[in-house]
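Trainee: Fold the stuff below for me.
(chains A and B)
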Amino acid sequence: MTISIEDVKRTAKLARLEFSDDELKNMTKEMGTILGYVEKLNELDLNDVPETAHVLQLSNVFREDEVKPGLSNEEALANAPRVKKGHFSVPKVIGE
Amino acid sequence: MKYEAVIGLEVHVQLKTQSKIFSASSAEFGGDANSKVDPVVIGMPGVLPVLNKKVVEYAVKMGMATNCTIARHSIFARKHYFYPDLPKGYQISQFEEPICEHGFIEVNADDGEARKINIERIHLEEDAGKSVHAEEYVAKNETLIDLNRAGVPLIEIVTEPDFRSPQEVYQYLTKIRQIVRYLEICDGNMDEGSMRCDANVSIRPVGQPELGTKTELKNMNSIRGVERALEYEIQRQISAVADGESIEQQTLLWNANKNITVAMRSKEYAHDYRYFPDPDLVPVLVSDEWRNSIAESLPELPEARKNRFMAEFKLPEYDATVITEEKELADYFEKAALTSKDPKITSNWIMGDVSRILNDGKITISEFSVPPKGLAELINLVADGTISQKIGKQVLDEILATGASAQKIVEDKGLVQISDVSAIESLVDGVLATHPDEFARFKNGEMKLMGFLVGQIMRASKGKVNPKIANEILRKKIE
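Mentor: Model prediction:
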């Protein structure tokens, strides 16, 4: 499987990442190698193997519906670059 | 050209659990900003979500109540998008293998026929936080974020594009709200956002199988609002097409004050959510045993209850529909009807005087201070003729004011209806003697004076006369 520089640009854009042209070239090569490695699985006959979302043989890990104390407002906001009236303050997100 | 609308809905229902879907902080509505949060909710690195068991049970209940197939095996997925009220950069949702699929709800179509609205899926997901734009303390260049709502459990109920009119949508949403309230999994208040609805709508010439380009409507905060927004948008699309314009696929916000839809600023990126199974959450398996125990815990649902009230209490369909609209009202009726002598009179009282008192006081039936047995006692006094209907209303007011029983009020105040013919006759004679002119005209055939004279008789007896007997006596006077 090959990956094009356009695929990498699009993936970067979706992840809000910016790369220089050199980085993009490198990234294209490296991601191609990784995908090629995973592609080796296609050499196996997996027709009888069901698709799985998980490798662990675990299911139904639940908690009961009980409230436990979480973080205080101060703790929750401790890492925020900007804070106002107990809220996180971020650049305006909606246009008129 | 005649057009028809094609509408599909996505309804988000906030589940009324104590704690959040994947962590233990409080899921309660409101409170100080960012006070109901924990490291999972605010998306700190390295935290692990653990699923709230009750959320699964609530979703399964909803699936059962809407004729869905309950998945034996269900998984969670990450849905990626960037928005400041979504701290992790992805929402935990379900994509492949949702918890419920292939259900339906019936509505009455415009032609009176029953129409099946197919439910494609019901899936579990977490709510996002709240962005605050409008308050006066928010500066022009900022948005404030409150994450109390982040992680509140939601189910999203997705229909096929099966609606053909806003009126069908109205009925469907009313039924969904009624069901979630009966199941007690959500309070169903659209104005508070505990139930939210987005609608996809397109138009096409009648008879054309292909779908037209759809728009998505958001920001409706009542069921009526959804209906109005759809009516507006369908007309807008029809006019646009008639003018030779094409419909642009876009998201529109309903403005309830101006009664128009307004285009949302178009997003910079096309939707590409890059769903993949969430490695932090293991599959949910619903065994037969678990499913059966949830099924056993289901309450009687509105439709079934309505039919039972019609069969068991011989209520007309209209009464049964009104009485079962809310579970609490239906519970109240049923308790009252079981001790009263006449279920139909009981439903008359509940739909009439009791509803009026609730509306006037802006209270719900659970806040109504007269217990069902108390109302039944009053109804029985009216039904067996001890007091008149009119006195009954007074007694109800008196019960509300004093908390005394109907029987005691009637005895203490001497309100027992006068049904003794000779006693009523002398009252009638007294009234006729003081109103000779009216009596003369009445005798000459002015029948409308009957009402006046009966009114005077009621007045003279302070409402205690049995009006039926007074009517008979008056009639005899002119024979």
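
Trainee: Alpha carbons only: can I get the helix or strand that contains A:Glu74 in PDB?
Mentor: Using DSSP states H and E, A:Glu74 sits in helix A:73-77. Output in PDB follows, covering the C-alpha atoms of helix A:73-77 (Å, rounded to 0.1, in the frame of the first residue of the first chain):
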ATOM      1  CA  ASN A  73     -13.400  24.300  40.100                       C
ATOM      2  CA  GLU A  74      -9.900  25.600  41.000                       C
ATOM      3  CA  GLU A  75      -8.200  22.200  40.300                       C
ATOM      4  CA  ALA A  76     -10.100  21.800  37.100                       C
ATOM      5  CA  LEU A  77      -9.000  25.200  35.800                       C
END
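
Trainee: For residue 19, give me its contacts.
Mentor: Picked chain A for this. A:8, A:12, A:27 (CB atoms under 8 Å, 6 or more residues apart in numbering or on different chains). Yep, even glycine has a C-beta here, placed from its N, CA and C like the rest.

Trainee: You answered for a different chain; I wanted chain B.
Mentor: A:63, A:65-68, B:25-27, B:52.

Trainee: Recalculate using a threshold of 10 Å.
Mentor: B:Ser19 makes contacts with A:63-68, A:70, B:25-28, B:36, B:38, B:52, B:54-55, B:151-153, as judged by CB atoms under 10 Å, 6 or more residues apart in numbering or on different chains.

Trainee: and the residue of chain B nearest chain A?
Mentor: B:Asp38 (3.1 Å; CB to the nearest CB).

Trainee: Please report how far that residue lies from B:Ala27.
Mentor: 11 Å (CB to CB, to the nearest Å).

Trainee: joint contacts of these two?
Mentor: B:19-20, B:151.

Trainee: Tell me how far the residue lying farthest from the centre of chain A lies from B:Asp420.
Mentor: Residue farthest from the centre of chain A, counting by CA atoms, centre = their mean, is A:Lys85 at 30.8 Å. For A:Lys85, the distance to B:Asp420 equals 74 Å [CB to CB].

Trainee: and what of A:Pro50?
Mentor: 86 Å.

Trainee: The two - which one has more neighbours?
Mentor: Neighbour tally, A:Pro50 and B:Asp420, criterion other CB atoms under 10 Å in any protein chain shown: the higher count belongs to B:Asp420, 12 against 5.

Trainee: where does chain A have its least confident helix or strand?
Mentor: Ranked by mean pLDDT, DSSP states H and E, the helix or strand of chain A with the weakest confidence is helix A:5-14, at a mean of 90.

Trainee: Show me what that one is packed against.
Mentor: helix A:21-39 (3 or more CB pairs under 10 Å, 6 or more residues apart in numbering or on different chains; DSSP states H and E).

Trainee: Low-confidence stretches in the stretch 351-479 of chain B?
Mentor: Scanning the stretch 351-479 of chain B for pLDDT under 70 picks out the ranges B:415.

Trainee: ok so B:Arg308 is a helix residue?
Mentor: Yes - the assignment for B:Arg308 is a helix, going by DSSP: H, G, I helix; E, B strand; the rest coil.

Trainee: Okay, now the sheet partners of whichever helix or strand B:Ile203 is part of, with direction.
Mentor: Here B:Ile203, judged by DSSP H and E, is contained in strand B:195-205. Next to strand B:195-205 in the sheet, as set by DSSP bridges, lie strand B:3-14 (antiparallel), strand B:215-220 (antiparallel).

Trainee: which of those is buried the deepest?
Mentor: strand B:3-14 (a mean of 21; mean count of other CB atoms under 10 Å in any protein chain shown).

Trainee: residue contacts, B:Tyr332?
Mentor: Residues counted as contacts of B:Tyr332 (CB under 10 Å, 6+ apart) are B:323, B:326, B:346, B:350, B:354, B:365-366, B:368, B:370-372, B:375.

Trainee: Make JSON lines from those and add neighbour count, distance to B:Leu427 and secondary structure to it.
Mentor: Below are the contacts of B:Tyr332 laid out as JSON lines (neighbours: other CB atoms under 10 Å in any protein chain shown; distance: CB to CB, whole Å; DSSP: H, G, I helix; E, B strand; the rest coil):
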{"residue": "B:Ile323", "neighbour count": "24", "distance to B:Leu427": "38", "secondary structure": "helix"}
{"residue": "B:Glu326", "neighbour count": "17", "distance to B:Leu427": "44", "secondary structure": "coil"}
{"residue": "B:Thr346", "neighbour count": "30", "distance to B:Leu427": "31", "secondary structure": "helix"}
{"residue": "B:Ile350", "neighbour count": "25", "distance to B:Leu427": "33", "secondary structure": "helix"}
{"residue": "B:Val354", "neighbour count": "21", "distance to B:Leu427": "31", "secondary structure": "helix"}
{"residue": "B:Ile365", "neighbour count": "18", "distance to B:Leu427": "39", "secondary structure": "helix"}
{"residue": "B:Ser366", "neighbour count": "10", "distance to B:Leu427": "43", "secondary structure": "helix"}
{"residue": "B:Phe368", "neighbour count": "19", "distance to B:Leu427": "36", "secondary structure": "coil"}
{"residue": "B:Val370", "neighbour count": "20", "distance to B:Leu427": "31", "secondary structure": "coil"}
{"residue": "B:Pro371", "neighbour count": "13", "distance to B:Leu427": "36", "secondary structure": "coil"}
{"residue": "B:Pro372", "neighbour count": "21", "distance to B:Leu427": "36", "secondary structure": "helix"}
{"residue": "B:Leu375", "neighbour count": "26", "distance to B:Leu427": "30", "secondary structure": "helix"}
